[in-house]
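Novice: output the structure for:
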Amino acid sequence: DMAEQLIDMALSLAPAYNDIQAACLLTRGTIAFDRRQWPGAVDHLRRAVALWEKEGNQRMIALSLRNLGPAFHAQGLYDEATGCYERALAIFEEVPDPVNRAVTQMNRGIVHSLQGAPEQALLLYAKAEPVFRQVEDTLRLAMLHTNQAIEYRTLGELSAAEFACVQAVQAWEALGNLRSTINALDILGLIYQSQGRQKETEDTFRDGLAR
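Specialist: Coordinates of the predicted model:
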């Protein structure tokens with residue numbers, strides 16, 4: 001709420017500056033996304049893209065598109081999300097911006113996953129992972145390992161799924177993110193269940209429930 005109040009102040013103070021207006025819209029779109037207000041997020045982020053285009057700021061166009069994609073795919077609009085990611089990836093290659101390119105690759109991989117293409121998702125995760133390791137982005141690595149665990153389990157590659165998921169649990173615990181730790185534990189329990197490991201399955205689900 002405080003962020004939104006500050007954005008309103010900034011918008012009123014600098015109505016003639018496209019870059020400030022665009023930055024405010026980008027932030028407002030992110031707030032709407034965090035509140036799961038998908039149509040509002042799309043509206044704000046589309047307007048941000050249009051203003052950055054007027055300014056000719058390629059990196060910020062791509063950054064806004066990278067944030068716009070998840071607002072589309074949260075609504076099941078996968079083609080629209082893919083269009084955002086593909087355009088953002090092309091710009092991040094030119095700028096260059098390897099970290100945001102890696103984030104976009106991970107997001108694009110999630111769309112592949114949602115469309116039932118785990119192999120393509122894993123290929124994109126594999127491209128993103130070394131970048132996150134290089135810059136020590138623990139948060140993004142935790143997200144990546146969680147996503148890898150899901151895809152490997154879908155493919156029946158249970159040893160790889162377990163390895164990725166254990167890394168995800170450890171990373172989320174280190175970050176102090178309880179909700180995501182529980183989510184990863186739930187996935188790990190399902191992996192153990194698929195392997196017929198009854199005791200580990202029950203222990204893991206009990207751990208998640210207790211938390």
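
Novice: would you check that I31 makes contact with M2?
Specialist: No: assessed by C-beta atoms under 8 Å, I31 is found out of contact with M2, at 10.5 Å. Yep, even glycine has a C-beta here, placed from its N, CA and C like the rest.

Novice: what about those two, which has more around it?
Specialist: When I31 and M2 are compared on other C-beta atoms under 10 Å, the one with more neighbours turns out to be I31, at 16 against 6.

Novice: what packs against the host helix or strand of the more buried one?
Specialist: When elements are defined using DSSP states H and E, I31 is found to belong to helix 18-34. Applying 3 or more C-beta pairs under 8 Å, 6 or more residues apart in numbering; DSSP states H and E, one finds that helix 18-34 makes contact with helix 2-13, helix 38-55, helix 58-73.

Novice: in what helix or strand does the residue most central in space within the chain lie?
Specialist: Most central in the chain under C-alpha atoms, centre = their mean is N107, positioned 5.2 Å from the mean C-alpha point. In this structure, N107 sits in helix 98-114 according to DSSP H and E.

Novice: hang on, the earlier thing: give me whichever of the helices and strands packed on helix 18-34 is most buried.
Specialist: Each of these was assessed for mean neighbour count using mean count of other C-beta atoms under 10 Å. The highest is helix 58-73, with a mean of 23.

Novice: quick one: that one to helix 38-55, angle?
Specialist: Regarding helix 58-73 and helix 38-55, their directions subtend 160 degrees when assessed with axes from the mean of the first three to the mean of the last three C-alpha atoms, to 10 degrees.
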